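**Student:** Fold the following, please.
(one chain, ligands or ions: 1)
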Amino acid sequence: MHPVASPGRLISFMQGRGLSPRKSLGQNFLVDANIARKMAKEARLRPEDVVVEIGPGLGALTLELARRARMVVALEIDRGLVRALQEILVDRPNVRLVEGDALKADFDGLVAKALGLQDRGRLPAYKVVANLPYYITSPLLRRLLESGFHIGCMLLMLQAEVARRLVAPPGGKEYGALTVLVQYYARPEIVMQVPRTVFFPRPEVDSAVVRLDLHARPPVEVGDRDFFFRVVRAAFAQRRKTLANALRSLVGARGPVEEALAAAGINSSRRGETLSLEEFAYLSRCLQACVGRR
Ligand code: SAM
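**Tutor:** From the prediction side, this is the model:
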């Protein structure tokens, strides 16, 4: 039986190797084989698929992924876990275990190496699957979405509260800069709710699994992408400010902001959290044009 099939087994397996769960690395291990299986199913893997798993830990998900995919590249930061996992994966020739930091790793490079490809132009779109260490959720999401890596789809276990933010519609408290970023690059969908009881050690919050299908092309035309995201961040930076005031802090003058809002047909007393992705895109293009004319 797999060592993470129950908390008792997990503890004795880790103790036997001088290991213990490290809170600073977000180590909450899945100890429910059913959830691991369900999550792997939700990844909708085909036999030709390549998966990058972030933070395989002691392999609860890795084994399920390896059963279904052509190859799993498993990227783990904790050297002790890498050693332990080598033992567990000894009869899984389609798993490449790599020690490294997901916030720094070249994902395309890892996949190219695992497939023996010299030419990155021939890299297939691959999937990213993870029960994420929660402390890196936002920077990691941003990195994976903005990097231009050949990722086709991601299936991520996140804090339930963050998952709700990713799928939130405009108008509510959960809608924010992270929502706009994610929905610009991908179509997010919550596919599973996961109670905290299936992890050891037990985290303080419940989780949810989100599937992110990356858009082949962005759904809206934003013009200058950096400027667009600066507009979005400014609009949410002080939620109680009207859009007009928030944008004035960004461009340093009232004139171009009022001109751009009028051109975009957006009432200047609205708050940023009420704007749809389409409205943000249009407003950003108008604002850049108005700023450029001065
Ligand atoms: N996948 C395992 C499971 O479901 O039981 C472990 C999940 S645990 C929530 C997160 C894992 O990510 C841990 O194994 C942790 O060591 C690893 N990790 C933490 N920070 C990381 C980073 N920056 N890059 C890669 N792995 C990381």
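**Student:** mind checking how far Lys173 is from Ala237?
**Tutor:** Using C-beta to C-beta, to the nearest Å, Lys173 is found at 15 Å from Ala237. From N, CA and C alone the C-beta is placed, and that goes for glycine too.
**Student:** In contact with the residue of the chain found nearest the ligand, which residues?
**Tutor:** Minimum separation of the chain from the ligand (C-beta to the nearest ligand atom) falls at Gly55, amounting to 2.1 Å. Applying C-beta atoms under 8 Å, 6 or more residues apart in numbering to Gly55 gives the contacts Gly26, Leu75, Glu76, Ile77, Ala102, Ala130, Asn131, Leu132, Pro133.
**Student:** next one: Lys38
**Tutor:** Contacts for Lys38 (C-beta under 8 Å, 6+ apart) come out as Met192.
**Student:** swap the cut-off to 10 Å and go again
**Tutor:** Asp32, Glu64, Val191, Met192, Val194, Val209 (C-beta atoms under 10 Å, 6 or more residues apart in numbering).
**Student:** In strands, which of those residues appear?
**Tutor:** Val191, Met192, Val194, Val209 (DSSP state E).
**Student:** list the buried ones in stretch 4-17?
**Tutor:** For stretch 4-17, a neighbour-count test (16 or more other C-beta atoms under 10 Å) marks Val4, Arg9, Leu10, Ile11, Phe13, Met14 as buried.
**Student:** what ranges do the strands span in the stretch 51-200 of the chain?
**Tutor:** Assigned by DSSP state E, counting those that start in this stretch, the stretch 51-200 of the chain shows strands spanning 71-76, 95-99, 126-131, 151-159, 186-194, 199-200.
**Student:** where does the stretch 101-250 of the chain come near the ligand, residue by residue?
**Tutor:** Asp101, Ala102, Leu103, Asn131, Pro133, Ile136 (C-beta under 6 Å from any ligand atom).
**Student:** Please tell me which one of the residues you listed counts the most neighbours.
**Tutor:** Asn131 (27 neighbours; other C-beta atoms under 10 Å).
**Student:** Contact partners for that one?
**Tutor:** Going by C-beta under 10 Å, 6+ apart, Asn131 touches 26, 28-30, 35-36, 39, 53-57, 60-61, 155-158, 194, 199, 207, 209.
**Student:** what's the most distant pair in the contacts of Lys38?
**Tutor:** Pairwise distances across the contacts of Lys38 peak at 16.5 Å for Asp32 and Val191 (criterion: C-beta to C-beta).
**Student:** which other helices and strands contact the longest helix seen in the chain?
**Tutor:** For the chain, the helix that runs over the most residues, judged by DSSP state H, is helix 277-293. Packing contacts for helix 277-293, counted by 3 or more C-beta pairs under 10 Å, 6 or more residues apart in numbering; DSSP states H and E, involve helix 177-185, helix 225-237, helix 243-251, helix 254-264.
**Student:** For the longest one, buried residues please.
**Tutor:** Residues of helix 225-237 classed as buried by neighbour count (16+ other C-beta under 10 Å): Phe227, Phe228, Phe229, Arg230, Val231, Val232, Arg233, Ala234, Ala235, Phe236.
**Student:** Switch the residues you listed over to a markdown table; also include pLDDT.
**Tutor:** Formatted as a markdown table, those follow (pLDDT from 0 to 100):
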| residue | pLDDT |
| --- | --- |
| Phe227 | 96 |
| Phe228 | 98 |
| Phe229 | 97 |
| Arg230 | 96 |
| Val231 | 97 |
| Val232 | 97 |
| Arg233 | 95 |
| Ala234 | 95 |
| Ala235 | 94 |
| Phe236 | 94 |
